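>>> here are the coordinates; sequence isn't available:
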């Protein structure tokens with residue numbers, strides 16, 4: 001699914017982790033692009049601590065989003081998006 005844009009649809013507010021994972025096409029592509037060895041590390045972001053992204057990963061995610069043309073703000077990465 002590389003190169004395809006995905007719409008994010010949720011019934012309530014979407015967590016930062018769920019948003020980022022959806023926008024990048026899943027845990028596998030995001031882990032690969034961030035040079036994270038196991039996609040399960042990225043998958044756990046959705047389950048741990050309310051769907052928050054580790055702070056040390058945020059700059060890399062924002063840089064990667066800009067390079068790929070994905071609309072993602074600092075606020076999105078910290079708070080997620082309301083639906």
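Nice, I can see it. The model shown is predicted, which means the values in this text are computed figures rather than measured ones. Numbering: from 1, shown residues only.

>>> thought residue 74 was touching residue 61?
No - with contact defined as Cβ atoms under 8 Å, residue 74 does not reach residue 61; the gap is 10.0 Å. Any C-beta I mention is one placed from the backbone N, CA and C, and that applies to glycine too.

>>> Does the residue nearest the centre of the chain lie in a helix or a strand, and which?
The centre of the chain sits closest to residue 20, judged by Cα atoms, centre = their mean, with a distance of 1.7 Å. Per DSSP states H and E: residue 20 is located in helix 16-23.

>>> what mean pLDDT does whichever helix or strand comes after that helix have?
Per DSSP H and E, the first helix or strand lying C-terminal to helix 16-23 is helix 27-33. Taken as a whole, helix 27-33 has a mean pLDDT of 96.

>>> Please name every helix or strand in contact with helix 27-33.
helix 16-23, helix 39-47 (3 or more Cβ pairs under 8 Å, 6 or more residues apart in numbering; DSSP states H and E).

>>> Packing partners of the longest one?
Helix 39-47 is packed against helix 16-23, helix 27-33, with contacts defined by 3+ Cβ pairs under 8 Å, 6+ apart.

>>> what sits up against the helix or strand following it?
Toward the C-terminus, helix 39-47 is succeeded by helix 58-68 as the next helix or strand (DSSP H and E). For helix 58-68, contacts defined as Cβ atoms under 8 Å, 6 or more residues apart in numbering pick out 20, 23, 24, 33, 34, 53, 70, 71, 72, 74, 77, 78.

>>> ok, and the most crowded of the residues you listed?
When neighbours are counted by other Cβ atoms under 10 Å, residue 20 leads the contacts of helix 58-68 with 28 neighbours.

>>> So the nearest residue in space to that one that is not next to it in sequence versus residue 12, what's the distance?
Spatial nearest neighbour of residue 20, excluding adjacent residues (Cβ to Cβ, 6 or more residues apart in numbering): residue 61 at 5.9 Å. Remark: distance between residue 61 and residue 12 (Cβ to Cβ, to the nearest Å) = 22 Å.
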